[in-house]
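Participant: Below: sequence and its predicted model.
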Amino acid sequence: MRRTGQKRNSILSIFAIALSTLTFLVGNVPMANAQLKGVTLDFAAAEPTSYNHLVGGGRWNSGILNTDIARSLAGSQFKCGDIVSYLSKFEMDASNSITSIEPFTISSEFNFDLDTTGQSGAILGDVLAVSIDPSDSAQRGNGNSVATLISETASGPIFTKGSVLSAVVEVSNLEQNEVVVVRMDVKIFCDPKLNPTGNLQALFKDAKLTFKNGSTPVSPAEPLNQGAKTVPMKELGALAIPQLSLVKTVTTGSCPGVKSLTVLQNTEVRYCYSVLNTTNGGGNPAAPIYNVSDISDDGGIFAEFSVALTGLSDQDGDGQLDDLAAGATATGEAVKTYNPTIDTTLLNTATVRGFDSIINPLELNATDSATLIIEVPDAAPSISINKLTNGSDGPFILVGEPVVWSYQLTNTGNRTLSNISVIDNQGVTVVCPETTLAVGQSITCDANGLAITGPYSNTATVSAVSEATIVTASDSSSYFGAAPSITLLKKTNGVDSAEVPVGDSVTWTYLVTNTGNVAIDSVVVTDNLVSEITCPKNTLAIAETMTCSATGVADKGYYENIGTARPVLLTRVITKILEQRELISKEP
């Protein structure tokens, strides 16, 4: 016995059957009077819990009912797109009628319903494959038999009462004392818009001897008269159906949105997509949908785009999160901004696709649309400019330090601006990174220089063009060029270079004057030989003077000390040092 047979003239798609009523490839032949003895045929379904319905399977093995095989199936055990595996068992004895014709070939005809006995919506629509599984413990013999699907034809349109799919299966190289089990994998197809009820039936119709002694034709073919055998699938109202649907809305906020929305030109909108696999209201439960695509949105009059989905899972075990479980919902979002030049009504349609199974799958799709009404207001171009000096307005900057002017430009109108130019009235060269601005867009231009003494102010003017209209805006910024300076005058007992008797008290005074153009603070006076100098305060206004003092006792010989005044401005320490020598008497 061979492991698998070959499928010939298979129906590749359920919709191909629906296009026309096909004719049986094997015509009716006259009945022969003779009857082959010594062959017993049986027909059953593989027990549904014994195999994966996505790929088919099952074995006859010991033929234990509801463990190995089933004589009747329930709709609740299956879902649309599933594979139902049927088993045909051929058992030969060692009688003379067998040994005289071996090896021989039997051709069997099976019928599968293309409509239910109740409300339409499900069919046994395609024989995907026939095979002989050598691991089936029921098999007995030399293992060289081959099962082949000879033909597969429809008697009428699908979802039409009385239409059946007829399949002819040939099993060759049959010999005495063999048991050969042929598996037929038949796929369930459904119309997701319908809710089937009633039953579907698989029928073993007849079997005939077609070849004997290898390749000698038997003409006319000799019937085995085994009698019809059926396996019904009942209660199809419980058959799970993949029920793909799509809901598309639009909003300016958070999802979900509405079906129709009116916005102004250049308004950011959010498209919301919900892909559902839930009941269609007819009573049948949902079934998984496999290999679900991204959302494809045609964009209406604008460019099409795709949207990824979240909420998908792995239902078929391929390691990919691309399936939609029964009862589940997947979602996606896309943010768009549209800038038409006239009032526009945008109707764009989204599509999502999936499949009912993974073998010979039937494509499922769902679509939905949303309407966006875009209103274009009358042209009102405008621009703004905000000029800063070293990041602020009116700072103090030390003379000679770098100055950076920044010019923030913003398109505050409702039209795109071009030919942007910034001119500074003090002859400063302004550099901008771009010359166009979309609505709401901002850029920052800049210029550089060095601080000069005293107050400095300049005005920048920006100009731009929109549809032959020139728009302008101006802004000023200033700074003060600081040139801090101090003087220090030190005296001993009120004079310079005093002569003081040894042991007499000495008073040093330090006259500090702000000679710069800005107030100074943190003024500190130090003396390299005097530890404590007292000042009345530590700030000096412009041209202000203060006197600091210290005391000590005269020592013998020349005495020289150095006074230092250190104020701070803009973190810069300004130092003034005064050296003084004092002659101290040798004798009191």
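Facilitator: Arrived safely, thanks for sending.

Participant: so where is the stretch 201-350 of the chain shaky, pLDDT-wise?
Facilitator: Scanning the stretch 201-350 of the chain with the threshold set as pLDDT under 70 gives 280-282.

Participant: In contact with the residue most central in space within the chain, which residues are there?
Facilitator: Centrality entry for the chain: nearest residue to the mean C-alpha point is A308, 4.0 Å, by C-alpha atoms, centre = their mean. A308 makes contact with D294, I295, G332 under the criterion C-beta atoms under 8 Å, 6 or more residues apart in numbering. Just so you know, the C-beta spots here come from the backbone N, C-alpha and C atoms, and that holds for glycine as well.

Participant: mind running it again at 10 Å?
Facilitator: Applying C-beta atoms under 10 Å, 6 or more residues apart in numbering to A308 gives the contacts D294, I295, A330, G332, E333, A334.

Participant: next one: A350
Facilitator: By C-beta under 10 Å, 6+ apart, the neighbours of A350 are 246-248, 271, 273, 275, 295-299, 305-307, 332, 334, 366-370.

Participant: so D298 touches Y271, yeah?
Facilitator: No: applying C-beta atoms under 10 Å, one finds D298 not in contact with Y271, separated by 12.0 Å.

Participant: Compare neighbour counts for the two and give me the winner.
Facilitator: Using other C-beta atoms under 10 Å, the more surrounded residue of D298 and Y271 is Y271, with 23 against 16.

Participant: Now do the nearest residue to K234 once chain neighbours are set aside, the pLDDT please.
Facilitator: Excluding the flanking residues, the one nearest K234 by C-beta to C-beta, 6 or more residues apart in numbering is N199, at 5.0 Å. N199 is assigned 97 on the pLDDT scale.

Participant: Just give me the neighbour total for N199.
Facilitator: Number of residues near N199 (other C-beta under 10 Å) recorded here: 18.

Participant: so what's it up against?
Facilitator: Residues in contact with N199 (C-beta under 10 Å, 6+ apart) are 72-73, 75, 113, 116-118, 122, 232-236.

Participant: from the middle of its chain, how far away would stretch 187-200 be?
Facilitator: Put simply, stretch 187-200 sits 34 Å off its chain's centre (C-alpha atoms, centre = their mean, to the nearest Å).

Participant: actually stretch 347-354, not the one I typed
Facilitator: On C-alpha atoms, centre = their mean, the centre of stretch 347-354 falls 16 Å from that of its chain.

Participant: Need the overlap of contacts for D298 and Y271.
Facilitator: Contacts common to D298 and Y271, judged by C-beta under 10 Å, 6+ apart, are F305, N348, A350.

Participant: rewinding a little: narrow the contacts of A308 to those in strands?
Facilitator: Members of the contacts of A308 lying in strands (criterion: DSSP state E): I295, A330, G332, E333, A334.

Participant: from the residues you listed, which is closest to F355?
Facilitator: F355 has its nearest neighbour among those in A330, at 14.9 Å by C-beta to C-beta.

Participant: Quick one: the strands in the stretch 301-450 of the chain, in order.
Facilitator: With strands called from DSSP state E, counting those that start in this stretch, the stretch 301-450 of the chain shows them at 305-307, 329-337, 344-355, 363-375, 383-389, 396-398, 402-411, 418-424, 442-450.

Participant: I98 should be in a helix, yeah?
Facilitator: Yes: counting by DSSP: H, G, I helix; E, B strand; the rest coil, I98 is part of a helix.

Participant: Give the burial count for it, as a bare number.
Facilitator: 20.

Participant: heads up, I number from 26, so please use that
Facilitator: Sure thing, new numbering starts at 26, so read that last one as I123.

Participant: confidence score at it?
Facilitator: I123 carries a pLDDT score of 93 in this model.

Participant: Assess the claim that it and T65 are in contact.
Facilitator: No: between I123 and T65 there is no contact under C-beta under 10 Å: 11.2 Å.

Participant: Find residues that contact each of these two.
Facilitator: When contacts are counted by C-beta under 10 Å, 6+ apart, I123 and T65 have M117 as shared neighbours.

Participant: A355 contacts G336, doesn't it?
Facilitator: Yes: A355 is within contact range of G336, at 3.7 Å (criterion: C-beta under 10 Å).

Participant: Pull the contacting residues for the residue nearest to Q433 when sequence neighbours are not counted.
Facilitator: Counting by C-beta to C-beta, 6+ apart, Q433 lies nearest to N411, which is 4.5 Å off, once chain neighbours are set aside. Contact analysis of N411 by C-beta under 10 Å, 6+ apart lists D418, S431, Y432, Q433, L434, T435, S467, T469, A485, A498, D500, S502.

Participant: which one among these gets closest to I89?
Facilitator: Of all the contacts of N411, S467 has the smallest distance to I89: 78.6 Å, by C-beta to C-beta.

Participant: how near is that closest one to S431?
Facilitator: Counting by C-beta to C-beta, to the nearest Å, the gap from S467 to S431 is 12 Å.

Participant: Pretty sure T469 sits against V487.
Facilitator: No: in this structure T469 lies outside contact range of V487 using C-beta under 10 Å: 11.9 Å.

Participant: Looking at the two now, which is surrounded by more residues?
Facilitator: Shown here are T469 and V487; by other C-beta under 10 Å, V487 has more neighbours (24 against 13).

Participant: Would you verify that the more buried one is located in a helix?
Facilitator: No: when three-state DSSP is applied, V487 is found to be strand, with no helix at that position.
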